[in-house]
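**Q** Need a 3D model of the following:
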Amino acid sequence: MIKVTGHRGVKGLVPENTLAGFRKAVEIGCHGIELDVRLTSDGQLAVIHDATLDRTTNGKGAVIDRTMTELKTLNAGDGQTIPTLAEVFELLKGSPMNIQIELKGPDTEEPAAEVVREWGFEERVTFTSFFHHRVLRV
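**A** Residues are numbered from 1 along each chain as shown. Now for the predicted structure:
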C-alpha cells in the first residue's frame with residue numbers, strides 16, 4: 001500500500017506547519033503528516049521549520065528568542081499562527097493519522113517525547129532529525 005505524508009501539512013496549498021495545513025492534510029486523505037519543532041524561550045515546542053521567523057511569518061529574529069505567547073501574535077500566513085505541538089495533537093486526536101516529528105532545534109528531544117507520552121501518541125509518532133544524537137536521545 002502506498003502511504004501519503006503531508007510535508008509540513010500541505011505545504012504549497014496552505015501555509016506550512018499551521019493548523020490549517022494539517023487540517024487540509026486530513027481533508028485530502030493523507031495518511032500522515034510531517035512537522036518540525038523548535039523550542040521557544042519559555043521552553044514550549046513551536047511547530048515551525050526555520051530557526052528564524054523571517055521566511056514564514058511577519059516576524060523577525062530567532063524562534064528561541066521569543067516566548068510562545070509572543071509567537072502567537074505573528075501571522076504565519078493567511079491569518080494562521082504558529083501552533084504548539086499539543087495544539088496539533090488536539091487537532092489530530094480523532095484521526096488515525098501518523099505524525100512524523102522532525103527535531104529541528106537543540107534540546108527538543110525530551111519535551112517532544114513528553115508531549116507524545118502525555119497524549120498517548122507513542123504508536124503514531126516517528127521522530128526524525130538530521131542530527132542522529134537527537135533521535136538517539138528520544
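**Q** How about residues contacting stretch 5-22?
**A** Residues outside stretch 5-22 that contact it (CB atoms under 8 Å, 6 or more residues apart in numbering): 24-25, 28, 30-36, 47-49, 56, 76-78, 80-83, 87-88, 91-92, 98, 100. Where C-beta positions appear, they are placed from N, C-alpha and C, glycine not excepted.
**Q** Likewise for stretch 44-57?
**A** Residues outside stretch 44-57 that contact it (CB under 8 Å, 6+ apart): 8, 15-17, 35-40, 59-64, 66-68, 71, 74-77, 82-88, 104-105, 108, 111-112, 115.
**Q** end to end, how far does that stretch reach?
**A** 18 Å (CA to CA, to the nearest Å).
**Q** got the buried residues for it?
**A** Buried residues in stretch 44-57, counted by 16 or more other CB atoms under 10 Å: 44-50, 53, 56-57.
**Q** quick revisit: buried ones from the contacts of stretch 5-22, can you make that a PyMOL selection?
**A** Buried members of the contacts of stretch 5-22, defined by 16+ other CB under 10 Å, are picked up in PyMOL with:
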select buried, resi 24+25+30+32+33+34+35+36+47+48+49+56+76+77+80+81+82+83+88+91+92+98+100
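**Q** Of the contacts of stretch 5-22, which belong to helices?
**A** Counted as lying in helices by DSSP state H, out of those, are 24-25, 87-88, 91-92.
**Q** and of these, the nearest to residue 4?
**A** Proximity of the ones in helices among the contacts of stretch 5-22 to residue 4 (CB to CB) peaks at residue 25, which lies at 8.8 Å.
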